[in-house]
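Just the structure for this:
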Amino acid sequence: MKQQLSSLSFADLLVGQRKVKQTFFSQIDNIIDWNPIRGIIEIAYTKGNKATGRPSYDSFVLFKNRTSSYLVWS
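Model (predicted):
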């Protein structure tokens, strides 16, 4: 049986602070028109028809991930 802790853990405190970043990313989504960028990425990133294995991540999601990490950590 799992023991339940009544106090907050360090991870709980970190998750509670994520709301600030969520607001930041919402503002970025409202400022940037992603549609032209998505079109460029879809043209440049083509996956071959004979690709095997697990499905790849959406190229646009990878781009937004990289862009957001640059904005946050720079």
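
which residue is nearest the centroid of the chain?
Asn65 (4.4 Å; Cα atoms, centre = their mean).

Give me the below-cutoff pLDDT ranges for this protein.
For the chain, applying pLDDT under 70 flags the ranges 1-6, 8, 16-22, 47-51, 74.

try 50 this time
1 (pLDDT under 50).

how about the helices of it, start to end?
Assigned by DSSP state H, the helices in the chain fall at 10-16, 18-31, 34-44, 59-73.

Output the ones you listed as JSON lines; include the columns distance to Thr52.
Glycine gets a C-beta too; all of them are placed from N, C-alpha and C. What follows is the helices of the chain, written out as JSON lines (distance: least, Cβ to Cβ, whole Å):
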{"stretch": "helix 10-16", "distance to Thr52": "37"}
{"stretch": "helix 18-31", "distance to Thr52": "34"}
{"stretch": "helix 34-44", "distance to Thr52": "21"}
{"stretch": "helix 59-73", "distance to Thr52": "18"}
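
how near is the residue nearest to the centre of the chain to Tyr45?
Counting by Cβ to Cβ, to the nearest Å, the separation of Asn65 from Tyr45 is 14 Å.

do the same with Leu13
38 Å.

which one of those two has more residues nearby?
Between Leu13 and Tyr45, Tyr45 has the larger neighbour count (other Cβ atoms under 10 Å), namely 13 against 9.

If we ignore the residues flanking it in sequence, what's nearest the more buried one?
Once flanking residues are discounted, Tyr45 sits nearest to Ser59: 4.0 Å by Cβ to Cβ, 6 or more residues apart in numbering.

what's the burial count for Glu42?
Glu42: 12 neighbours (other Cβ under 10 Å).

Now do the same contact list for it.
Contacts for Glu42 (Cβ atoms under 8 Å, 6 or more residues apart in numbering) come out as Ser59, Phe60.

My guess is Ser59 contacts Ile40. True?
No - Ser59 lies out of contact with Ile40 (Cβ atoms under 8 Å); the separation is 10.4 Å.

Look at those two and report which has more neighbours.
Ser59 (15 against 11).

got a list of what the more buried one touches?
Contacts of Ser59 (Cβ under 8 Å, 6+ apart): Ile41, Glu42, Tyr45.
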